[in-house]
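**Q** Starting from these lines, generate the structure:
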Amino acid sequence: MEMISTIGPLLLMFVLFYFLLIRPQQKRQKAVQQMQSDLKKGDKIVTIGGLHGFVDAIDEGKVVIKCGDGSRLTYDRSAIREVTEVAAGGDMLAKS
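**A** Below you'll find the predicted structure:
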């Protein structure tokens, strides 16, 4: 009986950590990986460094971003933080 009373709080703490910290973090990581794999030409994106631009070309692990001044910069896919606007062509295909 004493063993249950000493192990119980540790188990409860582990369960709380799992549901409050570990599981939400895993969900966020999956969502980011899905977003990065769904990138397509024309998407308006923001990098982890704060660079805003449009996806100009996509390679296996790299993305070429076209900036406002017309320059093209190459970044790793993992450097894309968010997609702020989906390419117009992708919406047309989804509606058809």
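**Q** so the residue nearest in space to the middle of the chain is in which element?
**A** Closest residue to the average C-alpha location of the chain: V32 at 1.7 Å, with Cα atoms, centre = their mean. Using DSSP states H and E, V32 falls within helix 23-37.
**Q** partners of the next helix or strand after that helix in the sheet?
**A** Note on helix 23-37: by DSSP H and E, the next helix or strand toward the C-terminus is strand 44-47. Strand partners for strand 44-47, identified by DSSP bridges, are recorded as strand 52-58 (antiparallel), strand 80-85 (antiparallel).
**Q** Flag every buried residue along strand 44-47.
**A** 45, 47 (16 or more other Cβ atoms under 10 Å). To be clear about C-beta, it is placed using only N, CA and C from the backbone, and glycine gets the same treatment.
**Q** now what about that strand, what contacts it?
**A** 39, 52-55, 63, 65, 75, 79-85 (Cβ atoms under 8 Å, 6 or more residues apart in numbering).
**Q** Quick one: mean pLDDT for that strand?
**A** Strand 44-47 shows a mean pLDDT of 96 in the predicted model.
**Q** got the CA coordinates for that strand in CSV?
**A** As requested, the backbone C-alpha atoms of strand 44-47 are provided in CSV (Å, rounded to 0.1, in the frame of the first residue of the first chain):
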residue,chain,number,x,y,z
LYS,A,44,3.4,33.5,-50.0
ILE,A,45,5.6,32.5,-47.1
VAL,A,46,7.6,33.8,-44.1
THR,A,47,10.9,32.2,-43.0
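**Q** Below-threshold pLDDT in this protein: ranges please.
**A** 89-96 (pLDDT under 70).
**Q** sec struct for S78, please.
**A** Under the three-state scheme (DSSP: H, G, I helix; E, B strand; the rest coil), S78 adopts helix.
**Q** Pull the contacting residues for it.
**A** S78 touches Q36, counting by Cβ under 8 Å, 6+ apart.
**Q** And for the one 3 residues further on?
**A** Counting by Cβ under 8 Å, 6+ apart, R81 touches 45-48.
**Q** let's see it at 6 Å
**A** 46-48 (Cβ atoms under 6 Å, 6 or more residues apart in numbering).
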